[in-house]
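Participant: Fold the following and give me the result.
(chains A and B)
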Amino acid sequence: MIIFKSKNTFEGQLYDEKTIFTIRQHWFVIFIYILTFALLITLPFFIYYWVNKFLFDNLTYKTQYLINEVFKLFSTFYSLIIYLGFFYSLMRYILTIMIVTNKRVIIIYQEKFFKYERIEAPLNKIQDISIIINGLLATFLNFGNLEIQTAGAITKFKFIFTANPIKIKYKIMEEANKYLKI
Amino acid sequence: MFQPNLNFIYYLPKIIYFVFALFFSWYVFLIIYHLIRFGVGREPKIISFLFLFISLIVFFTFSGFYNSIDWKFIIETIFIEKSIFFPLSS
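Facilitator: Numbers count the residues shown, from 1 in each chain, chains lettered A, B, ... in the order given. Below you'll find the model as predicted:
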């Protein structure tokens, strides 16, 4: 099937440009999203439990029924909005990417709908790549920030939550060296 | 004494449903559009298909729940009887 084959083409790709590899942020970012949205989706049930336990005894049957129906109404809309919010975050995660080609490094940050930041650095302009691994989780799970120093107008490029930053650093350096030898 | 005509309130659930369905469809379209148009590699395309499929299921489930709500009771209690503004406890 054609969908399972991809040459990782992207917008603005040059004629003789080939994508060497692409990197997304570490899975920990997705894990945080899942955790947050899982907590948010259970929130109405906690509220309902609390109302049921502490308030229902003092109310008439009619009021109880009204609260039940209003709760059903709000929780239905709330769940749907949480669902959309989760996929919106997932979309931002998927579209935030670093593309390394045989000519340049491109970093794309998807900020919101129809707004993204795209930074490009030609491989011959890369001067240095530094990595910052900050904290216990980052050390154990092996993620960190990758900073590319260039000789261009924008001197520093940053890709946050990079998975396996040391390996990625050497892979980019290798590609830069290959490009300079040509 | 002037009595406002409140019959239009019975159409409120349908109006809310229509507006929300429109919003939901537009949002789903935007996410799928972004994933297919700007996504690099095969993952965004696969996720966009999955998202479309799950969204259909979620929306039908939402419709089911929405229809099970006793709208007549809510409307009559809040807007017609206005009993929500009176003491509710026994």
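Participant: so who does A:Glu17 touch?
Facilitator: A:101-104 (C-beta atoms under 8 Å, 6 or more residues apart in numbering or on different chains). No exception for glycine: its C-beta is placed from N, CA and C like everyone else's.
Participant: Buried ones among these?
Facilitator: Neighbour-count burial (16 or more other C-beta atoms under 10 Å in any protein chain shown) applied to the contacts of A:Glu17 gives A:101, A:103-104.
Participant: Relative to A:Lys72, which of these is nearest.
Facilitator: Set against A:Lys72, the nearest of the buried ones among the contacts of A:Glu17 by C-beta to C-beta is A:Thr101 (52.4 Å).
Participant: Contacts only, for that closest one.
Facilitator: A:13, A:17-20.
Participant: and the two most separated of the contacts of A:Glu17?
Facilitator: Across the contacts of A:Glu17 (C-beta to C-beta), the longest gap, 8.6 Å, separates A:Asn102 and A:Arg104.
Participant: which SSE is the residue nearest the centre of chain A in?
Facilitator: The centre of chain A sits closest to A:Tyr93, judged by C-alpha atoms, centre = their mean, with a distance of 2.4 Å. Assessed by DSSP states H and E, A:Tyr93 sits inside helix A:61-95.
Participant: Alpha carbons of the helix or strand that that helix is followed by, in PDB - could you do that?
Facilitator: Of the helices and strands lying after helix A:61-95 in sequence (DSSP H and E), the nearest is strand A:97-101. Output of strand A:97-101 as PDB, limited to C-alpha atoms (Å, rounded to 0.1, in the frame of the first residue of the first chain):
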ATOM      1  CA  ILE A  97       9.700  17.900  13.600                       C
ATOM      2  CA  MET A  98      13.400  18.200  12.800                       C
ATOM      3  CA  ILE A  99      14.300  17.200   9.200                       C
ATOM      4  CA  VAL A 100      17.900  16.500   8.300                       C
ATOM      5  CA  THR A 101      18.500  16.400   4.600                       C
END
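Participant: For strand A:97-101, what does the pLDDT average out to?
Facilitator: Taken as a whole, strand A:97-101 has a mean pLDDT of 90.
Participant: Check which element follows it along the chain.
Facilitator: strand A:104-112.
Participant: What are the buried residues along that next one?
Facilitator: Quick answer for strand A:104-112 (16+ other C-beta under 10 Å): A:104-110.
Participant: And the helices in chain A?
Facilitator: In chain A, the helices defined using DSSP state H lie at A:27-54, A:61-95, A:136-141, A:165-181.
Participant: deepest of those helices, which one?
Facilitator: helix A:61-95 (a mean of 17; mean count of other C-beta atoms under 10 Å in any protein chain shown).
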